[in-house]
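>>> Could you work out the structure for the sequence below:
(chains A and B, ligands or ions: 1)
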Amino acid sequence: MFNKTKKLMLAFTMLTILNVSTAMEHHHTNYTTTEIVINDPWVRLSPPNAPALGLFMQINNNTNYDIKLLSVNASGYKRIELHRTVAQGDMMKMAKQEFMPIPTKGKLHLKPGSWHIMLIGPKSVLRKGDTVMIDLVFDNGLTKTVYAQVRKEKKMTGNHHRMMY
Amino acid sequence: MNNKLLSGIGVVALVIATFYFTSPNKNYKDLEKQLKVSYVLHNPDKKLPFFSLVDHNNNKFDNNNFKGKWTLLSFIYTHCPDVCPTGLMDMSILKSTLIKRGINIVPNLVAITFDPARDTPGVLKTYVTYFDKDFLGVSGDQVQINQLIKPFGAYYERVVYAKNGKPTVLKNDEPLPKGVLEFGYLINHTAWIYLLNPDGQIFAGFPAPHNPIKMADDIELLIKNY
Ligand SMILES: [Cu+2]
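This next block holds a predicted model:
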């Protein structure tokens, strides 16, 4: 009984999120209802024994000040870390970060080969199409809950986006 | 007179032939200018040293496994959530692209781990075959792996983070400190994909990020001129 209600609520929330993000993509305006807007959160579909999973999204900061993503919480993982992959010569370095900076009226794009959230030690195997609930904690006191979709690679969001992964 | 001319031509031909056969590199260097995303690493004077590792079915994996077939190879570690899965996916796409184009090569897909302490054959099998059923994961002795990656120009370093967030780089030639396996470490590493020729020698390399379609164009050109 409780599960059913929970599922319904989840579906409703997801629909709302979906509506907001499609609306944003279509109009390309800065019109938003919130200070921080998360677009297209997704978890990379990975082998069943993958020790760590990559979580990616776009974080838009509509406030008049710079903000920081401080931490990420989700149940079912040993640890969650903020990471950034940078190329240094030939070497790909994946370094742990204290926070992720999102500039005022700007955005941070978390994507493969760049900024990402690392979900370490998943306690269950995620399948294609699964949804992961994640809390993002920011330094301005805001916490955002997002529902990330498990999928293989970045979906095309438009012709102006080059698909790399 | 005629004889002199003939022997003259003979000498010239011999010189050209000697030059041609002893430095095929020259040949590939011209070819390299037409390549989009690859480097020719072929060097007949530097053979791949002997190595002996273990594949994901617990069979011996050594130089002979690179012979008789073209091979696409990369070095990975499974605790990598970002760079390595992308590379493995690219290799699988590259393989299907080559097969689709009917270039007459079906390359071996091989992924050798930088991190045999955690990537045992069993772990590798589940991991790499997820990206392509034809992938062969290779583990084995860390010292041998450290030796093998050198001629490829590949390298890596393990990084451990202290509680206060301070990173420490571990030495590759020293045993892992106690507790590090449980706590975990990251590995900074090169992320090239390599093409080995049917003689089992390093032939070409592709730096990250990879574009499988352009790589397939280059490989087509390389193999036609092989
Ligand atoms: Cu990696």
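>>> When you work out contacts or count neighbours from here on, use the C-alpha atoms and nothing else.
Will do.
>>> Just list the residues touching the most centrally placed residue in chain B, thanks.
In chain B, the residue lying closest to the centroid (C-alpha atoms, centre = their mean) is residue B:194, at 3.2 Å. Going by C-alpha atoms under 8 Å, 6 or more residues apart in numbering or on different chains, residue B:194 touches B:71, B:72, B:73, B:74, B:202, B:203, B:204, B:205, B:206.
>>> Is it within a helix or a strand, and which one?
strand B:193-196 (DSSP states H and E).
>>> again, but for residue B:91
Counting by DSSP H and E, residue B:91 is part of helix B:83-101.
>>> how does chain B divide up, domain by domain?
Domain ranges of chain B: B:38-152+B:191-225, B:156-189, per the TED database.
>>> Where is the longest strand in chain A?
Longest strand of chain A, by residue count under DSSP state E: strand A:77-88.
>>> Kindly provide the distance from the residue nearest to the centre of chain B to chain A.
Per C-alpha to the nearest C-alpha, to the nearest Å, residue B:194 is found 14 Å from chain A.
>>> Residue B:154 too?
9 Å.
>>> And for residue B:115?
Distance, residue B:115 to chain A, using C-alpha to the nearest C-alpha: 13 Å.
>>> Would you mind listing the residues in contact with the residue nearest to that residue when sequence neighbours are not counted?
Excluding its sequence neighbours, the residue lying closest to residue B:115 (C-alpha to C-alpha, 6 or more residues apart in numbering or on different chains) is residue B:77, at 5.7 Å. Shown in contact with residue B:77 (C-alpha under 8 Å, 6+ apart): B:84, B:113, B:114, B:115, B:119, B:187.
>>> Also residue B:90?
Residues in contact with residue B:90 (C-alpha under 8 Å, 6+ apart) are B:210, B:211, B:212.
>>> So the last one sits against residue B:94, correct?
Yes. The pair formed by residue B:212 and residue B:94 meets the contact definition of C-alpha atoms under 8 Å, at 4.9 Å.
>>> Below-threshold pLDDT in chain A: ranges please.
A:1-33, A:154-165 (pLDDT under 70).
>>> Spell out the residue ranges of the strands in it.
Under DSSP E, chain A gives strands at A:36-44, A:52-61, A:67-73, A:77-88, A:91-96, A:100-102, A:106-110, A:115-122, A:131-138, A:143-151.
>>> Likewise for chain B?
B:39-40, B:52-55, B:60-62, B:71-76, B:108-113, B:135-139, B:156-161, B:167-169, B:186-190, B:193-196, B:202-206.
>>> Let me have the strands of chain A in TSV, extended by distance to residue B:64 and mean neighbour count.
Output for these, formatted as TSV (distance: least, C-alpha to C-alpha, whole Å; neighbours: other C-alpha atoms under 10 Å in any protein chain shown):
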stretch	distance to residue B:64	mean neighbour count
strand A:36-44	35	22
strand A:52-61	33	23
strand A:67-73	47	18
strand A:77-88	33	17
strand A:91-96	29	21
strand A:100-102	47	20
strand A:106-110	42	17
strand A:115-122	37	22
strand A:131-138	45	17
strand A:143-151	38	19
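>>> Alright, calling it a day.
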